[in-house]
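[1] Predicted model and sequence below, questions to follow.
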Amino acid sequence: MVSLSRRQVAVAAVASVPLALSGAGSALATGHRSRTLYIAGDSTAAQKLAAAAPETGWGMALPFFLQRSRPVSNHAVNGRSSKSFVDEGRLDAILDVIEPGDFLLIQFAHNDEKAEDPTRYTEPWSTYQDHLRMYVDGARARGARPVLATAVERRRFDAAGKAVPTHGEYPAAMRALAAEERVALLDMQALSLALWQELGVEETKKYFNWTATEQDNTHFNPPGAIAVARLAVSYTHL
């Protein structure tokens, strides 16, 4: 993977509370219960069936970078927003089984942005934050630790070859909420944007779901999912 410069990492590292998902020692060695990392999110993180190959969610690659004592339960689903995930009962399904000491990683924005769809749309500084609070409050009420993750960036460049952000005010709204609620923040938007910039226009095609019949600048192939998962672990101590 391309290494980020110190300046890029400094810009991206805005976690309000340090993360320590990997732990100093193995739960298997100490006899303590493994602390599960639950993922609530959209298609960029979701598990994919074989028929979707080579499309790969970055949550699928995350277990390869964590200790065996940190199992991952990936509940991310294609097409969901922070609102529709709640409305379909998917957050409740997590909260029914999450236990004290577990982690809930929350990544939404791609589908919250779809103003034409009232079943998914949220407004960054009101309903988006309101729904995110449901995840945060629900996890905390059960003794689990919430982690807010800004949405990974799409592959988009301007005419000068500069990687440009695509998520509008949603990342800023999540950062503000994380600071207000003192929730751990995994700033995947900033980290991924910096990585796409360093890789450049052509090289980034190798990380997204580009095939002979499709040019998908949102979803990852296996190398892209691995690169994004490695970013999450390397720069936030997952």
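    Happy to help now that I have it.
[2] tell me the secondary structure for residue 185?
    Secondary structure state of residue 185, per DSSP: H, G, I helix; E, B strand; the rest coil, is strand.
[3] Give me the distance between it and residue 164.
    Using C-beta to C-beta, to the nearest Å, residue 185 is found at 22 Å from residue 164. The C-beta positions use only the backbone N, C-alpha and C, and glycine is treated the same way.
[4] quick one, which of the two is more surrounded?
    Neighbour count, other C-beta atoms under 10 Å: between residue 185 and residue 164, residue 185 has more, with 22 against 13.
[5] quick one: that one from residue 88, how far?
    Distance from residue 185 to residue 88, by C-beta to C-beta: 25 Å.
[6] And the strands in this structure?
    37-41, 72-74, 103-107, 145-149, 184-186, 208-210, 215-220 (DSSP state E).
[7] who wins for proximity to residue 136 among the ones you listed?
    Residue 136 lies closest to strand 145-149 among the strands of the chain, at 4.5 Å (C-beta to C-beta).
[8] partners of the closest one, with directions?
    In the sheet, strand 145-149 lines up against strand 103-107 (parallel), strand 184-186 (parallel) (DSSP bridges).
[9] residues near residue 168, how many?
    By other C-beta under 10 Å, neighbour count at residue 168 equals 12.
[10] buried stuff in stretch 113-127?
    113, 120-122, 124 (16 or more other C-beta atoms under 10 Å).
[11] Need the contact partners of that stretch.
    Stretch 113-127 has contacts (C-beta atoms under 8 Å, 6 or more residues apart in numbering) with 79-84, 87, 111-112, 128, 130-131, 167-170, 172-173.
[12] Derive a PyMOL selection command for the buried subset of those residues.
    Selection of buried members from these for PyMOL, criterion 16+ other C-beta under 10 Å:
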select buried, resi 80+81+82+83+84+111+112+128+131+167+170+173
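[13] Of the contacts of stretch 113-127, which belong to helices?
    Judged by DSSP state H, those include 82-84, 87, 130-131, 170, 172-173 as members of helices.
[14] what's the most distant pair in those?
    87 and 172 (24.6 Å).
[15] OK, contacts around residue 153?
    163, 165-167, 189, 192-193, 196.
[16] Show the contacting residues for the residue most central in space within the chain.
    With distances taken as C-alpha atoms, centre = their mean, residue 107 lies nearest the centre of the chain, 4.3 Å away. Contacts here follow C-beta under 8 Å, 6+ apart; on that basis residue 107 touches 39-42, 44-45, 76, 149-152, 188.
[17] Can you name the residues bridging to it?
    residue 41.
[18] Against residue 43, how distant is it?
    For residue 107, the distance to residue 43 equals 11 Å [C-beta to C-beta].
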